[in-house]
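# generate coordinates for the sequence data below:
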Amino acid sequence: MQGRALFEDQCAPCHQGAHPELRKQPPKLEGLFKSKSLPSGAPATDARVRKTIIEGQGTMPAFDQRLSEKDVDDLVKYLRTLK
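Numbers count the residues shown, from 1 in each chain. The predicted structure follows:
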């Protein structure tokens with residue numbers, strides 16, 4: 001599966017628009033790598049974004065059992081294209 005399709009399937013339901021089941025809305029991911037740090041305060045690096053996707057963060061679940069290494073690579077590459 002390519003990065004854009006993964007984003008739309010796995011990320012967009014929570015990160016794009018309001019998710020009715022969440023009290024606190026997750027951050028938008030556009031321009032994620034333009035900032036020096038992620039919304040969590042961690043450095044905005046490929047390695048840190050990969051870690052967040054794989055291990056989860058706060059209310060975001062871990063995707064280690066849902067996505068392959070290639071899927072995570074494709075997703076990070078796609079996130080870099082979001083302006």
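
# could you use CA atoms for every contact and neighbour count after this?
Will do.

# could you list the low-pLDDT ranges of this protein?
Along the chain, segments meeting pLDDT under 70 span 1.

# the longest helix in it is where?
The longest helix of the chain (DSSP state H) is helix 69-81.

# separation between the closest residue to Pro39 other than its chain neighbours and Arg80?
Take Pro39 and drop its neighbours on the chain: the residue closest to it by CA to CA, 6 or more residues apart in numbering is Pro27, 7.1 Å away. According to CA to CA, to the nearest Å, Pro27 stands 15 Å off from Arg80.

# packing partners of the longest helix of the chain?
helix 3-6, helix 46-55 (3 or more CA pairs under 8 Å, 6 or more residues apart in numbering; DSSP states H and E).

# so which of those is nearest Glu69?
Among these, the nearest to Glu69 by CA to CA is helix 46-55 (9.1 Å).

# between helix 69-81 and the closest one, find me the angle.
Note on geometry: by axes from the mean of the first three to the mean of the last three CA atoms, to 10 degrees, helix 46-55 and helix 69-81 are set 130 degrees apart in direction.

# returning to what we had before: I figured the residue nearest to Pro39 hits His15, correct?
Yes. Contact criterion CA atoms under 8 Å: Pro27 and His15 qualify, at 6.0 Å.
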